[in-house]
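J.: Got a sequence here, can you build the structure:
(chains A and B)
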Amino acid sequence: GAVVSQHPSRVICKSGTSVKIECRSLDFQATTMFWYRQFPKQSLMLMATSNEGSKATYEQGVEKDKFLINHASLTLSTLTVTSAHPEDSSFYICSASEQGANSNQPQHFGDGTRLSIL
Amino acid sequence: DQQVKQNSPSLSVQEGRISILNCDYTNSMFDYFLWYKKYPAEGPTFLISISSIKDKNEDGRFTVFLNKSAKHLSLHIVPSQPGDSAVYFCAASGGINDYKLSFGAGTTVTVRA
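T.: Coordinates of the predicted model:
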């Protein structure tokens, strides 16, 4: 089946640090990748949609200068949390669709990144 | 505003019995629904889906029922097995050109031996 690899799985760093999270589709090409954030006991909230070779589309309320998304190839998208602060501590998870942005294709998820800002 | 709601945060069921997970939604534009299963420290994995043109979809031990008039769907797992213990997320999207998934908060299922 389709595999999405997300790295790192856990990050603990000081306030003010920028953190980069990678999301790779290992055995398929992902023209569209999605970045979610999950708070404890809450649902996955879509942050942004990244399309290969173009700018990401951010959901309302998500600061694009805070959460930089790059989708440079068909197998890699990165999320950079710039100048992270304790309120950015959360669980971030990416997903990818095999055939572009089509809701009838199930999204395949990475294992997530637990980000803790001290 | 939570458009997909899973009102039961947890469910405990005896092995061999049926697990019934419920999900309600408020957006009448949703027409495609999915269930994902998530183990600790892993990402969600796709389990089963249903289009709004159907009211039932079955895949092995898993059956999803959709009641559009009530804006309600449910996932039945029968018989439940210990390996089914996980968090189950209900998700919905608004059509073939709408790739965005709205997720519920999840239901933690524990299957007792």
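J.: quick one, what contacts the residue nearest to A:Leu74 when sequence neighbours are not counted?
T.: In space, not counting the residues next to it along the chain, A:Leu74 is nearest to A:Gln29; the distance is 4.1 Å by CB to CB, 6 or more residues apart in numbering or on different chains. The way it works is simple: take the backbone N, C-alpha and C, and place the C-beta from them, glycine included. Each residue near A:Gln29 by CB atoms under 8 Å, 6 or more residues apart in numbering or on different chains is listed here: A:74-75, A:98.
J.: helix/strand/coil for A:Gln29?
T.: Recorded secondary structure, A:Gln29: coil (DSSP: H, G, I helix; E, B strand; the rest coil).
J.: And it, how close does it get to A:Ser5?
T.: 14 Å (CB to CB, to the nearest Å).
J.: what do you get for B:Ser12?
T.: Counting by CB to CB, the separation of B:Ser12 from A:Ser5 is 33 Å.
J.: So if I had to pick from those two, which one is more boxed in?
T.: Each of B:Ser12 and A:Ser5 had its neighbours counted (other CB atoms under 10 Å in any protein chain shown), and the higher figure belongs to A:Ser5 (15 against 11).
J.: how far away is that one from chain B?
T.: When CB to the nearest CB, to the nearest Å is the yardstick, A:Ser5 and chain B sit 10 Å from each other.
J.: That residue pairs with what?
T.: Listed beta-bridge partners, A:Ser5: A:Arg24 (assigned using DSSP bridges).
J.: Next, count neighbours for residue 39.
T.: You didn't say which chain, so I picked chain A. As a burial measure, A:Phe39 scores 12 neighbours (other CB under 10 Å).
J.: Can you look at chain B instead?
T.: When neighbours are counted by other CB under 10 Å, B:Tyr39 registers 13.
J.: Is it correct that it is in contact with B:Ala86?
T.: Yes. Taking CB atoms under 8 Å as the definition, B:Tyr39 is a contact partner of B:Ala86 at 5.2 Å.
J.: give the contact list for the residue in chain A that chain B sits nearest to.
T.: Of all residues in chain A, A:Phe109 sits closest to chain B, at 3.3 Å by CB to the nearest CB. Taking CB under 8 Å, 6+ apart as the criterion, A:Phe109 is in contact with A:4, A:93-95, B:36, B:43-45.
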